[in-house]
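Trainee: Here is a sequence together with a model predicted from it:
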Amino acid sequence: MELVGPICEVLKCLGDPTCTYIEHHRKLKDRMNDLQERLVRLNATKRDVEWRINAELRWGRLLREEVEKWLLDVQTVNDTMRDIDERMQNVSCFSRARLGKRVAQTVEQVEGIIERGRFPEALVIDNPSTAAVPFQSEHLEGETMVIEDIWNYLMSDEIGMIGVCGMGGIGKTTIVKHIYYQLLKETKPLFDKIIWVTVSKELSIPKLQQNLANAMNIVGLPESELERVAVLMDKLGQRRYVLILDDVWKEFSLADVGIPKPTSSNGSKLVLTSRLIEVCRSMDCKVVKVPPLSNEESMNLFLKHAGRGVLKVPSLKEILDNVVKECDGLPLAIAVIAGSMKGIYNVEEWRNALRELRDHVRSVKGTDVEIYERLKFSFDRLGDLKIQSCFLYCSLYPEDYIIPRKELIEYWIDEEFLGNGSRQELHDKGHTILNRLENNCLLEKVGRDIVKMHDVMRDTALYIKGSGSRFKVQSGIGLKELPSKQEWGEDLEKVSFMVNNVSEIPPHLSPNCEVLSTLLLQKNESLQRISESFFQHMHRLSILDLSYTNVKQLPTSVSNLEKLKALVLRRCYNLRYVPSLEKLEALRKLDLNRTAIEKVPKGLEMLSNLTYLNLCAESLKELPVAILPRFSCLQCLMLYVESSRIRMNGFDAARLTKLERFEGRFTELIDFNAYTKSIQCQQLTSYLLVMAPLEAKFNVKQRIKGINCVYRFKLLNVDSDKGRQKAMMLASGLQGAESVCLISKDRTILEVSGDSEMGPTKIAANWKKRGIEVQLVDERWDPTSLPMKYVILSGCPIGREDPAELPSDVRTLKIFGCHNIRSLSDMPFFQQTNELGFCSIHDCRGIESVLDLSSPSQSCTPFENLDLLWLENLENLHVLVKLAEASVVSTLSSQSIPAIFSHLKSFYIEGCSNMKQLFPFDLVHDLQNLENLIVRGCGQIEEIIGSKEEEENHKGNGTQAPTKFSLPKLKELELTCLPELKSICSSNREMVCNSLRKIKVRDCTKLKRMPLYLPLFQDTHQSAPSAHPFERIRICPKEWWESVEWDYPNAKEVLGPWLNSY
């Protein structure tokens, strides 16, 4: 290598091309690193753009053509990077320069795409059909003068910092959100960047810096405080930005954070909201006070939440006016109080409500807690003590925290707020209470399954709990150690230190909390040690949550918490030791999911009151014999079904008659059948049942297209920012990845979420080839999408002679390596109508057809509710449905075929080497709901959709116009590695696909015709990406695309903008 430099000098005389060649050869590695860094920046920009798109498209607008083209270019360059990465693994000395040249060109391409992705203007344009709809972020009553003032200051060169102040609940955040969305809406470039960061009461400079870095697409913010400030100063200094800091409680120095002070020369602006005018003034802001609503505005807002029906009761007018007047023009108070009066038309009840409201406010008039007393009025009107407790419980979460509904309800069950009953009944009660709290504006509905507590409502709840049995809440504020013993207080009822950075609970901390009932320490991921003395004076402790901590063992003092009802230790990945639970006879919930325990805690058999037991720990070696019948109250039992060491006795499990949720594995068919027979009348609401001998292989969490997954990987061989950047680049480039972030304090846990087609094992193997070694530490599916009634059969006889008894209401069935059946019809379950929605069959050598309907007795349609069918490595499968002894479906008329696949949405087939035709034409009428058709690696397949018999007879009798048929809902078509595929459908038919979004054809070299008709072809003048919902067409090899023929003459030209070759 020492000779390369001198040689290059000598070769200058030979001409520039030679030196350029050597430069590409020498600098390949450096340029590769440069490309990786730029790609991280590009994908971060892409996520930012997609976030802005989601915000702007809500208002009925269309994406700009240049934005669509930019997103397509990002996808293309990510695909290019994957190809370059693969070539890097096997690059030779002779190909090194050529690859170096390609990398250099890609670096320039990425830089150009990054530059184009700044999009200072809005990303959308008005949709003509909705152009008259006014812009609106959320309902805003009045405040037009305030909005106008803020807008004018933003447009002014003289004012750089604006402070929007007013008491809690007066609408500051709503007003500034309105401004924020209005800035995004502007089609003329006003600012380079619009940034929103919520600060909250407990100011954390590092957290604020990280949020700013995320907003600015800065990857790998330095650890050093000075370097962090310098990076932020530099990046923000390059842009003309508007920075909105919401909910600021304390003065801080912009320079300490890394925020350049906005001036007339740099053109940037800062807007902050605060309840405290002193904060706005001390930070040198132009103060904009938010006044209360006028009487008219207050009445309009009140009627919006209470309903205009009250106006139809004349005797209520005066009382209504007085109630609105007592709200004092505060939007949050108006919304909450109106929500509590919704649907009430009784004069006496309104008069009483007015009296109570006045009593609440009169004693604190003019004080800071006036707003809390107004809101407490609505709290008091809830009436039910348990519903009030449910509301107050939400304040234990951090400020602005997104709270999953199911998680919250589980806590309420543990606290016994919901009374007694089955798990399903209690969850129904919980959802009913949440709906009421949402309808009364006491909680905010954020999504289908999550809620949030407004910060003023949280303050109100903590104000209510400020006297009597108190709450102590310091959650999500970055605590590194727990408060001293003197700060705990003997009257504490519930304490929450969740979501902090506490690493140790020292021996000298032994709080005297004799009435403490709830202690929440979850998500202190640094917590490793808890002293023996910590729990000594917590004799009434009922709920203890240490989940998502790093503790290795619990102190033995836990054994003396005899009042404990819930011990939650889920995902304490290093927890190996739990002391004796013999004395904890009151315990109703024990959650050891994903811990490292090897044996069940001593004394577990004594916990006869358990209703919830989660032993889903991979390391658990055995379950004591005959222990299950002792838990007669169990409603939920979860075991690690992939364990090959735990043996389940089906007859013991059958004695748990109160079970509603069960996850377990049986290794003997007699045990499996004993249990499934016992539950036929029980109707479990959720189950995962596995029948698999100890040596059998199966996959529980098989990737299902369309269901989002969250993977968390531990970075094993990465200890630098450059390495972390490379890992994030690889993750960002995964097809279907929606978000990528480093989540742990030491930045060694990489979280990837989205609808990735690649499972975690393949991802890890793929990354290892590229020098990044990872270990999967967590995998979660979107819980709303999980199949809840789920059976897996693997490596066992399940045919007519040895039938497996399946629950009648099973929704998901997976079969692995069961070789003694020729079709699913050999199983009694498939000889009757059922509720099956998902069915997959893998590596079953005996399968010749999926269904055999040739028997006259088989009159039902067992797939009538099927949404997804997955067939993989079925080497003897030659037909989907068999209807007659010597005949298959393709020889029969459509009238004789029952509606077999009428609900089918997704069909996936791979590695079925004996199939020649996928669907006979007579089944096409049955595929009208099909959305995804994926065919891979079926070496003998020649046709996707076969011809009708009369079409075969008329072949060669002259040409005629193709007859159209439709798959109206088909969104994705993939044909991969099908070397014998000759046709998608017969030559005289054309397939109309009005919903098709994605086409993928790879290594199908004998396919000469594409008979697809797409909406794109209807208007050749509107082929821009922004005008159609089509997403992409991916092909390989490129020569195939050039030779293939389309029925539509200009198809290749029209599809050109979406074309992407491998």
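Mentor: Received it, and whenever you're ready, just let me know what you need. Remember, it's a predicted structure, so these values are computed and weren't measured experimentally. Numbering: from 1, shown residues only.
Trainee: Spit out the contact partners of residue 633.
Mentor: Going by CB atoms under 8 Å, 6 or more residues apart in numbering, residue 633 touches 588, 608-611, 658. C-betas here are computed from N, CA, C, even on glycine.
Trainee: Write the PyMOL selection for whichever of those residues are buried.
Mentor: PyMOL command restricting those to the buried ones, with burial defined by 16 or more other CB atoms under 10 Å:
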select buried, resi 588+609+610+611
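Trainee: want to throw the contacts of residue 633 into TSV with distance to residue 682 and secondary structure?
Mentor: Shown next, in TSV, are those (distance: CB to CB, whole Å; DSSP: H, G, I helix; E, B strand; the rest coil):
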residue	distance to residue 682	secondary structure
588	21	coil
608	20	coil
609	21	coil
610	18	coil
611	16	coil
658	9	coil
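Trainee: Can you check the pLDDT for residue 62?
Mentor: You'll see residue 62 listed with a pLDDT of 57.
Trainee: what ranges do the strands span in the stretch 401-550 of the chain?
Mentor: In the stretch 401-550 of the chain, strands defined by DSSP state E, counting those that start in this stretch lie at 403-404, 444-445, 450-452, 470-473, 492-496, 504-505, 518-520, 529-530, 543-545, listed in chain order.
Trainee: What pairs with the first one, parallel or antiparallel?
Mentor: Strand 403-404 has the following sheet partners, assigned by DSSP bridges: strand 450-452 (antiparallel).
Trainee: what do you get for the fourth one?
Mentor: Next to strand 470-473 in the sheet, as set by DSSP bridges, lie strand 492-496 (parallel).
Trainee: just the last one next, same as before
Mentor: The strands that strand 543-545 pairs with in its sheet are strand 518-520 (parallel), strand 566-568 (parallel) (by DSSP bridges).
Trainee: pLDDT averaged over it - what is it?
Mentor: 97.
Trainee: Outside of it itself, list whatever touches it.
Mentor: For strand 543-545, contacts defined as CB under 8 Å, 6+ apart pick out 411, 414-415, 498, 517-522, 558, 561, 564-568.
Trainee: residues in contact with the nearest residue to residue 524 once chain neighbours are set aside?
Mentor: With sequence-adjacent residues excluded and distances taken as CB to CB, 6 or more residues apart in numbering, residue 524 is closest to residue 502, at 4.5 Å. Contact partners of residue 502, counting by CB under 8 Å, 6+ apart, are 479-482, 521, 524, 526-527.
Trainee: And the furthest pair within these?
Mentor: Farthest-apart pair in the contacts of residue 502 is 480 and 521; separation 13.7 Å (CB to CB).
Trainee: Of those two, which one has the most company?
Mentor: residue 521 (25 against 11; other CB atoms under 10 Å).
Trainee: so what's that one up against?
Mentor: Contacts of residue 521 by CB under 8 Å, 6+ apart are 497-498, 502, 527, 544-546, 549.
Trainee: burial of residue 627, as a residue count?
Mentor: Neighbours of residue 627 using other CB under 10 Å come to 13.
Trainee: Residue 649 versus that one, what's the distance?
Mentor: Separation of residue 627 from residue 649 (CB to CB, to the nearest Å): 10 Å.
Trainee: According to the record, where do the domains of this structure fall?
Mentor: Listed by the TED database, the domain ranges of the chain are 3-122, 144-289, 294-381, 395-467, 468-609, 709-781, 789-883+899-947+963-1018+1031-1061.
Trainee: Out of those domains, which gets nearest to residue 642?
Mentor: The minimum distance between residue 642 and those falls on domain 789-883+899-947+963-1018+1031-1061, with 10.0 Å, by CB to CB.
Trainee: where are the low-confidence patches of the stretch 1-150 of the chain?
Mentor: 1-26, 50-65, 94, 120-143 (pLDDT under 70).
Trainee: now the helices for it?
Mentor: For the stretch 1-150 of the chain, the helices defined by DSSP state H, counting those that start in this stretch occupy 4-11, 16-26, 28-56, 65-89, 96-116, 144-155.
Trainee: how about those, which one is nearest residue 686?
Mentor: helix 28-56 (31.8 Å).
Trainee: Would you mind listing the buried residues in the closest one?
Mentor: In helix 28-56, counting by 16+ other CB under 10 Å, buried: 28, 31-32, 34-49, 52-53, 55-56.
Trainee: could you point out where the stretch 901-1050 of the chain is predicted with low confidence?
Mentor: Within the stretch 901-1050 of the chain, the stretches with pLDDT under 70 are 948-962, 1019-1029.
Trainee: For residue 570, see how far away residue 546 is.
Mentor: 9 Å.
Trainee: Which one's more surrounded, the two?
Mentor: residue 546 (23 against 18).
Trainee: give the contact list for that one.
Mentor: Residues counted as contacts of residue 546 (CB under 8 Å, 6+ apart) are 521-522, 527, 530, 554, 568-569, 572.
Trainee: Mind checking which of the residues you listed land in helices?
Mentor: Counting by DSSP state H, no part of those is found in helices.
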